[in-house]
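Q: Quick one: sequence and predicted model below, then my questions.
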Amino acid sequence: MIFGRVKPLDAILATAEKKSLHRSLGWFQLMLFGIGCVIGTGIFVLTAAGAQKAGPGLMLAFAIAGGVCIIAALCYAEIASMIPVAGSAYTYSYASMGEFLAWTVGWALIMEYAIAAAAVSVGWSGYFSGTFLNELLGIQLPPWLAAGPLALGGAPGGLINLPALIIALLVTGLLVVGTSESAKFNAVLVLIKVTALTAFIALTFTSPAFDAGHFNPFLPAGVFGGFGSGLGAVGAAATIFFAYVGFDAVSTAAEETKNPQRNVPIGLVGSLLFCTVFYILVAAGAIGTIGGQPIMGPNGVPFPAGSEELARQCATYAADQLPLVCSNEALAHVLRQLGWSSIGNLLGIAAFLALPSVILVLIYGQTRIFFVMARDGLLPEKLSRVHPKFKTPHVVTLMTGGAVAIGAAFFPVGKLADISNAGTLYAFMMVAIALLVLRRRDPARKRAFRVPAAWVIAPLTMAGCVFLFLNLPYDAMLFLPGWGLIGIVIYFAYSRSRSHLGRGIVEVVDDVAGDATMVPIDPPPA
């Protein structure tokens with residue numbers, strides 16, 4: 001039976017204990033990991049793209065996306081504390097709905113994390129080129145090295161985004177060196193980021209330029225921009241939703257967490273609540289001071305974010321008159337417009353220093369999904385090999401970093417974010433389903449955290465994910481089934497026949513040298 005291979009929970013937990021990554025992370029480090037991913041992507045990178053879709057309604061968009069994430073986080077918290085192993089939604093699906101659906105989830109997560117990391121790399125490039133090179137050093141990168149091709153939504157004269165490519169490769173190298181070192185590095189960057197955003201809120205809310213009139217019209221594209229348009233407050237929420245993937249990355253770190261039954265729920269919910277408040281306050285400060293109205297097309301509808309048409313329109317503005325929706329370094333641009341050039345440059349430097357933490361967490365999450373799928377035999381087992389010195393899955397980390405670098409080099413942030421969200425929303429929906437299946441199938445299993453009113457919260461999570469998915473642009477919606485079809489072909493051509501569970505092996509324990517002990521079950525699952 002195609003849906004018959006459900007991996008026993010006891011086997012998953014036993015395998016994780018005997019062949020596991022080093023447990024070195026506490027609740028505070030987990031929360032910093034979540035904050036490091038959430039605070040940064042949506043504010044530093046996607047503020048402009050979100051405003052182009054929704055105008056001042058961007059604030060409502062953050063609230064909508066945050067609301068869906070809060071209920072999804074509760075589902076994640078229960079299952080992550082119940083199954084404290086690497087693999088996130090993939091592992092949860094394997095233990096509840098079977099191997100085939102778990103494969104589709106893992107395949108979607110691989111796409112989600114990698115494309116999101118590429119999107120943030122592009123966002124970092126804007127601050128590096130604008131603040132660090134141009135404002136501080138007086139160096140102007142030639143257009144062909146600063147952005148992707150115009151036909152892909154880059155910029156006129158663009159060919160390759162060299163800074164984005166380089167930062168993705170540098171972060172990959174850091175992750176190969178080790179998780180503990182990466183977590184310490186991330187903690188410093190989170191502090192820089194939160195301090196910079198707190199200063200931004202204080203300056204904008206107390207500025208004489210802050211005018212309530214900038215919020216009118218509040219919803220220039222409406223609440224719903226139309227099915228498949230990606231516009232309006234809901235369309236913007238669907239775009240910025242991927243910024244909240246930080247709490248998902250926390251759950252992927254469960255296998256490297258001390259006392260995960262206690263620490264994972266704290267890291268998940270705490271980081272999400274902390275970040276949502278920041279999102280709304282910073283968006284209000286930016287729009288209230290310089291405005292955030294979208295650039296409209298000839299039909300009175302905003303040009304799509306990340307489109308060639310919008311890039312052409314933005315190229316017609318002088319640098320000192322650039323609208324918020326056109327800026328590649330939105331928050332620094334706001335402060336410069338207010339006459340705070342030096343502080344704007346400092347904020348740009350903070351983003352330049354801190355955004356690599358977002359890339360780090362996203363690549364980290366993707367490699368751990370790859371690692372667990374390889375450990376289950378669904379991908380070549382050599383991918384799960386751990387480096388003898390650094391104790392990290394170096395092979396898959398290098399592969400992931402290379403793919404992220406290529407995506408960042410050629411595509412704009414808006415398109416990358418929308419595509420990433422398709423996989424994110426699918427994974428979150430499957431976690432909610434897994435929660436209900438496990439409540440029914442294994443009610444006696446120890447749960448350090450239980451979702452209140454689970455039979456209400458989980459269906460709401462599913463409905464919210466489907467709702468946001470249907471408000472993505474058409475091309476982003478179509479990317480997921482296209483990517484999924486490739487994954488299904490790989491599953492039936494390679495993975496299904498090599499699956500450890502399908503071969504009747506419930507536990508594979510490899511040491512650093514590559515030796516293995518296999519524990520068969522009889523009969524193997526169908």
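A: That came through, no problem. Keep in mind it's a predicted model, so treat the numbers as computed, not measured. Numbers count the residues shown, from 1 in each chain.
Q: can we go C-alpha only for contacts and neighbour counts from here?
A: Fine.
Q: so what's A409 up against?
A: Residues in contact with A409 (CA atoms under 8 Å, 6 or more residues apart in numbering) are V122, A147, G148, I160, N161, L162, A164, L165.
Q: gap between the fifth one and S327?
A: Going back to what we said before, that points to N161. 16 Å (CA to CA, to the nearest Å).
Q: The two: which is more packed in?
A: A count of neighbours by other CA atoms under 10 Å puts N161 above the other of N161 and S327, at 28 against 21.
Q: For the stretch 1-150 of the chain, which segments count as helices?
A: Using DSSP state H, counting those that start in this stretch, the helices of the stretch 1-150 of the chain run over 9-18, 27-40, 47-54, 58-82, 88-94, 99-127, 137, 143-146.
Q: would a markdown table of those with mean neighbour count be doable?
A: Formatted as a markdown table, the helices of the stretch 1-150 of the chain follow (neighbours: other CA atoms under 10 Å):
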| stretch | mean neighbour count |
| --- | --- |
| helix 9-18 | 17 |
| helix 27-40 | 27 |
| helix 47-54 | 31 |
| helix 58-82 | 25 |
| helix 88-94 | 29 |
| helix 99-127 | 27 |
| helix 137 | 11 |
| helix 143-146 | 19 |
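Q: Minimum distance to Y317: which of the ones you listed has it?
A: helix 47-54 (15.2 Å; CA to CA).
Q: Tell me which other helices or strands the closest one touches.
A: Here helix 47-54 touches helix 58-82, helix 232-240, going by 3 or more CA pairs under 8 Å, 6 or more residues apart in numbering; DSSP states H and E.
Q: Next, the angle helix 58-82 makes with the last one.
A: This means helix 232-240. 40 degrees (axes from the mean of the first three to the mean of the last three CA atoms, to 10 degrees).
Q: Kindly spell out which helices and strands sit in contact with helix 232-240.
A: Under the contact rule (3+ CA pairs under 8 Å, 6+ apart), helix 232-240 is packed against helix 47-54, helix 58-82, helix 413-441, helix 454-469.
Q: hang on, the earlier thing: can I get the buried part of the contacts of A409 as one PyMOL selection?
A: The command below creates a PyMOL selection of those among these that count as buried (16 or more other CA atoms under 10 Å):
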select buried, resi 122+147+148+160+161+162+164+165
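Q: so who does the nearest residue in space to G285 that is not next to it in sequence touch?
A: Nearest residue to G285, sequence neighbours excluded (CA to CA, 6 or more residues apart in numbering): T204, at 5.0 Å. With contact taken as CA under 8 Å, 6+ apart, T204 is in contact with F210, G285, A286, G288, T289, L335.
Q: got these as JSON lines, with distance to F274 columns?
A: Output for the contacts of T204, formatted as JSON lines (distance: CA to CA, whole Å):
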{"residue": "F210", "distance to F274": "25"}
{"residue": "G285", "distance to F274": "17"}
{"residue": "A286", "distance to F274": "19"}
{"residue": "G288", "distance to F274": "22"}
{"residue": "T289", "distance to F274": "24"}
{"residue": "L335", "distance to F274": "24"}
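Q: Closest one of those to I71?
A: G285 (26.9 Å).
Q: Show me what counts as buried in the one helix or strand the closest one maps to.
A: Assigned by DSSP states H and E, G285 belongs to helix 260-290. Residues 260-272, 275-276, 278-290 are the ones in helix 260-290 that count as buried (16+ other CA under 10 Å).
Q: quick one: average pLDDT of that helix?
A: Helix 260-290 carries an average pLDDT of 84.
Q: Can you name the next helix or strand after that helix?
A: helix 308-314.
Q: what is the mean pLDDT for that following helix?
A: The model assigns helix 308-314 a mean pLDDT of 86.
Q: What number of neighbouring residues does the nearest residue to P380 once chain neighbours are set aside come out with?
A: Of all residues not flanking P380 in the chain, A374 sits nearest, at 5.6 Å (CA to CA, 6+ apart). Counted by other CA under 10 Å, the residues lying close to A374 total 21.
Q: Tell me the pLDDT of A374.
A: A374 is given a pLDDT of 84.
Q: can you redo the helices and strands packed on helix 47-54 as JSON lines with mean pLDDT and distance to L310?
A: Below are these laid out as JSON lines (pLDDT from 0 to 100; distance: least, CA to CA, whole Å):
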{"stretch": "helix 58-82", "mean pLDDT": "87", "distance to L310": "18"}
{"stretch": "helix 232-240", "mean pLDDT": "90", "distance to L310": "16"}
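Q: Relative to G34, which of those is closest?
A: So among these, helix 58-82 is nearest, using CA to CA, at 11.6 Å.
Q: list the helices and strands that closest one packs on?
A: helix 47-54, helix 232-240, helix 246-252, helix 260-290, helix 413-441, helix 454-469.
Q: angle of it against helix 47-54?
A: 120 degrees.
Q: Show me the one of the helices of the stretch 1-150 of the chain that comes nearest A354.
A: Closest among the helices of the stretch 1-150 of the chain, once you apply CA to CA, is helix 27-40, at 7.7 Å.
Q: pLDDT averaged over that closest one - what is it?
A: Helix 27-40 comes out at a mean pLDDT of 75.
Q: and the helices and strands packed on helix 47-54 as JSON lines, adding distance to M111?
A: Shown next, in JSON lines, are those (distance: least, CA to CA, whole Å):
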{"stretch": "helix 58-82", "distance to M111": "19"}
{"stretch": "helix 232-240", "distance to M111": "16"}
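Q: one step back: rebuild the helices and strands packed on helix 58-82 as CSV, extending it with distance to Y491.
A: Converted to CSV, those look like this (distance: least, CA to CA, whole Å):
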stretch, distance to Y491
helix 47-54, 36
helix 232-240, 29
helix 246-252, 22
helix 260-290, 31
helix 413-441, 17
helix 454-469, 25
